[in-house]
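S.K.: what shape does this take:
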Amino acid sequence: MYGSISIKKRLLWSSIALTSMLLAGCGSNGQNTNSTSTDTTAANSSTNGTAAGGDVKSVTIGYTPTIVLPQPLVGLQKGEYAKQVPGVTFGSTLYEAGSGVIEALRSGVIDIGASGPYPALKAYAKSGDIVLLANAANGGTELMVSKSGPVKTIKDLKGKAVGVNQVGSTVDAMVRYNLLQAGLKPDTDVRIVQVAPGEQAATLQGGQIAGVAAPAPWPSQVAAKGNGRPLIDWKQILDNGNYSAGSIYTTKKFADAHPDFIKKFVAAHQAITDALNKDRTKGDADVLAAWSAVSKKTLDPAVAKAAFATIKYTTDPDPKNLQRFADIAFQVGVLKKKADLTGFVYTAK
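M.R.: A predicted model of the protein is given here:
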């Protein structure tokens, strides 16, 4: 039998998810939060605004606010994009999850998107219209269980339930992959349910489910507030931690129409990343401050330190890593057919 989860509690989780998924990011199904924030150095931005001759004058970035997307946070909240690409106005729109970002890109509401890698990867695999500009960060995902609970190995999850930040997300796929590797069938041997990241600590501590998984900073919050420990830590969950947690992408149409801007934007993305890595203590503090400003939330210093220790800021969109993600997505059923990601990583002409 699966762990007992009342209908009332499951409905409550669904209600909570609508608000707290704003903080989670890295999902694949979601809606526009209908809240916008603009770079303080560049108010009055308009989407896809261009001057005669095609020079980009204003750009809107749509993203899921999470610390595994540090560049959009710092780039927009601290005005780094405007500094790095003078003459361009940068605005932003927040989304609960990556699917909302993809929809906004395709409809022309935004120009650049940022979320976990799966939404863009799935969009390219299906239609070929979304291209990857850069990676944002690696690592951060952990499967947490109760310190005092009976689960000691992955196989101990048989007959129990695991909560993920969002069904169909990057995190969900990695959890399913690890279950399969242990000989367990997701949704048959182990029930996968959706639990908003901000509620995972309380849910695990309350005993409703046996494990929870989400991107940083939430596993560290579960450890501190929910009496949790990693059953599979951020390195063990896939490829010693060398997996993409955040991606920057756009439509192929926009990239092809504005190659000069894309080159400048990618260079700005790299410059922000280099600055964050040059002094990680200061860089982490800047990212946390920007995240708090957007999310209106704060983290205990110990939780923040533990969370940032599980992620690496990087721009490298490793094609082999991405193809492995696509293969795993097919294996666990996120993709309906095998995908060839040749051409997914965009190279400006």
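S.K.: going forward, measure contacts between C-alpha atoms and count neighbours the same way
M.R.: Fine.
S.K.: quick check: chain neighbours aside, which residue is closest to G246?
M.R.: Sequence neighbours aside, G116 is the residue nearest to G246 in space, at 4.4 Å (criterion: CA to CA, 6 or more residues apart in numbering).
S.K.: pLDDT weak spots in the stretch 201-349 of the chain?
M.R.: Scanning the stretch 201-349 of the chain for pLDDT under 70 picks out 348-349.
S.K.: which strands and helices sit next to the lengthiest helix in the chain?
M.R.: Ranked by residue count, the top helix of the chain under DSSP state H comes out as helix 259-278. Secondary-structure packing of helix 259-278 (3 or more CA pairs under 8 Å, 6 or more residues apart in numbering; DSSP states H and E): helix 70-77, helix 80-84, helix 280-295, strand 311-313.
S.K.: what lies in contact with the second one?
M.R.: Surrounding helix 80-84, the residues in contact under the criterion CA atoms under 8 Å, 6 or more residues apart in numbering are 41-42, 74-75, 88-90, 265, 268-269, 272.
S.K.: strands of the stretch 51-200 of the chain, residue ranges please.
M.R.: Per DSSP state E, counting those that start in this stretch, the stretch 51-200 of the chain carries strands over the ranges 58-63, 89-95, 112-115, 130-139, 142-146, 161-164, 191-194.
S.K.: re earlier: how far off centre is the longest helix of the chain?
M.R.: Between the mean C-alpha location of helix 259-278 and the chain-wide mean there is a distance of 19 Å, by CA atoms, centre = their mean, to the nearest Å.
S.K.: give the buried residues for it.
M.R.: For helix 259-278, burial by neighbour count (16 or more other CA atoms under 10 Å) applies to 261-263, 265-266, 268-274, 276-277.
S.K.: ok, now which ones touch G226?
M.R.: The contact partners of G226, by CA under 8 Å, 6+ apart, come to 146, 200-205.
S.K.: quick one: which of those sit in helices?
M.R.: Short answer: those in helices (DSSP H) are 200-205.
S.K.: from these, pick the one nearest N227.
M.R.: Nearest to N227 among the ones in helices among the contacts of G226, counting by CA to CA, is Q205 at 6.4 Å.
S.K.: distance check, the nearest residue to the closest one once chain neighbours are set aside against G206.
M.R.: Spatial nearest neighbour of Q205, chain neighbours left out: G226 (5.0 Å); criterion: CA to CA, 6+ apart. Remark: distance between G226 and G206 (CA to CA, to the nearest Å) = 9 Å.
S.K.: Y243 too?
M.R.: Per CA to CA, Y243 is found 31 Å from G206.
S.K.: who's more crowded, these two?
M.R.: Between Y243 and G206, Y243 has the larger neighbour count (other CA atoms under 10 Å), namely 26 against 12.
S.K.: any idea what the closest residue to that one other than its chain neighbours is bridged to?
M.R.: Nearest residue to Y243, sequence neighbours excluded (CA to CA, 6+ apart): N138, at 5.2 Å. On the basis of DSSP bridges, N138 is bridged to S244, K312.
S.K.: if we can go back for a sec, go through the contacts of helix 80-84 and say which is closest to A290.
M.R.: Proximity of the contacts of helix 80-84 to A290 (CA to CA) peaks at V74, which lies at 6.0 Å.
S.K.: buried ones in stretch 198-217?
M.R.: Residues of stretch 198-217 classed as buried by neighbour count (16+ other CA under 10 Å): 198-201, 203-205, 208-217.
S.K.: how far does that stretch sit from the chain's center?
M.R.: 18 Å.
S.K.: next one: stretch 291-300
M.R.: The answer for stretch 291-300 is 16 Å, by CA atoms, centre = their mean.
S.K.: same question for stretch 245-253.
M.R.: A distance of 12 Å separates the centroid of the chain from that of stretch 245-253, by CA atoms, centre = their mean.
S.K.: run through who's touching that stretch.
M.R.: 26, 68-69, 105-106, 111-117, 120, 129-141, 170, 215.
S.K.: could I get the ones in helices among the contacts of G226 in a markdown table, plus columns for distance to Y177?
M.R.: Shown next, in a markdown table, are these (distance: CA to CA, whole Å):
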| residue | distance to Y177 |
| --- | --- |
| Q200 | 21 |
| A201 | 23 |
| A202 | 25 |
| T203 | 23 |
| L204 | 21 |
| Q205 | 25 |
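S.K.: where does pLDDT dip in the stretch 1-150 of the chain?
M.R.: Applying pLDDT under 70 to the stretch 1-150 of the chain flags residues 1-54.
S.K.: recalculate using a threshold of 80.
M.R.: Low-confidence segments of the stretch 1-150 of the chain, defined by pLDDT under 80, are located at 1-55, 97.
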